[in-house]
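>>> build me a structure from this.
(one chain, ligands or ions: 2)
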Amino acid sequence: MTDLFARLAIDPSRESMAEGATLLRGFALPREGPILTGIRSVVVEAPFRHMVTPGGYTMSVAMTNCGNVGWVTDRSGYRYDRLDPETGKPWPALPSSFLGLAIAAAQEAGYPNFRPDACLINRYTPGARLSLHQDKDECDFSNPIVSVSLGLPATFQFGGLNRNHAIRKYALHHGDVAVWGGPCRLFYHGVAELKDGEHQTLGRMRINLTFRRAL
Ligand code: MD3
Ligand code: FE
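Residues are numbered from 1 along each chain as shown. Ligands and ions are numbered 1, 2, ... in the order given. Now for the predicted structure:
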């Protein structure tokens, strides 16, 4: 633990956003190639789709999943499902590059036992946003969530346990990895409308991977 605090204080590529939340700037960059290959392989089997919320709104963010279970929403609610409702087949397995990155990032942030079983892949095009919400469909909130940002930069909004809590904003860039656990695991958060731009490798797009222990 002392070690972790020492490194947080010394290494400028590591930021503490809140107790339990660590931002690892550029942590995914050395693994960029295999991660992009993994995304392509998942999307061939389970294409991006715009899901519908229980309230009847079509999400501006397109989503797909890989792993033992995937996060889905429709008119009947939010849940984790073993099957992709679009194909009727199990979600594609977690690519080994995904698993390796998520475990390494969690370890770096002080969660050496994290073993994700689900990865939600979010695709933002200019204008897409994710309104303020909590992630509470997972079974055990003692597990962190690891998120990986790729492509166009986004403004991440980070609140507190209560919806009315003041919002802090963070710019998330290509290759940044954030680990969310401990006291902030249930904090409200969202992503502001994606600004237009052109990213070198991903074009007019942002992709975010969120790794979770769902079951
Ligand atoms: C803070 N995704 O898929 S990842 C989501 O960039 C989601 O696509 C956003 O929120 C995105 O649910 C943000 C960062 C994130 C994920 C989970 C958290 C931050 C979190 C859980 C608790 C606190
Ligand atoms: Fe979330």
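>>> per-residue pLDDT, the closest residue to L23 other than its chain neighbours?
Once flanking residues are discounted, L23 sits nearest to E15: 4.2 Å by C-beta to C-beta, 6 or more residues apart in numbering. Glycine gets a C-beta too; all of them are placed from N, C-alpha and C. For E15, the pLDDT comes out at 85.
>>> does E15 sit in a helix, a strand or a coil?
Three-state call for E15 (DSSP: H, G, I helix; E, B strand; the rest coil): strand.
>>> am I right that P153 is in contact with H174?
Yes - counting by C-beta atoms under 8 Å, P153 touches H174, with 7.3 Å between them.
>>> which one of these two is surrounded by more residues?
H174 (20 against 16; other C-beta atoms under 10 Å).
>>> can you tell me how far that one is from ligand 1?
Separation of H174 from ligand 1 (C-beta to the nearest ligand atom, to the nearest Å) stands at 13 Å.
>>> and what of P95?
18 Å.
>>> so that residue touches G38, yeah?
Yes - assessed by C-beta under 8 Å, P95 is found in contact with G38 at 3.3 Å.
>>> higher neighbour count, those two?
Neighbour count, other C-beta under 10 Å: between P95 and G38, G38 has more, with 23 against 20.
>>> perfect, I'm done here.
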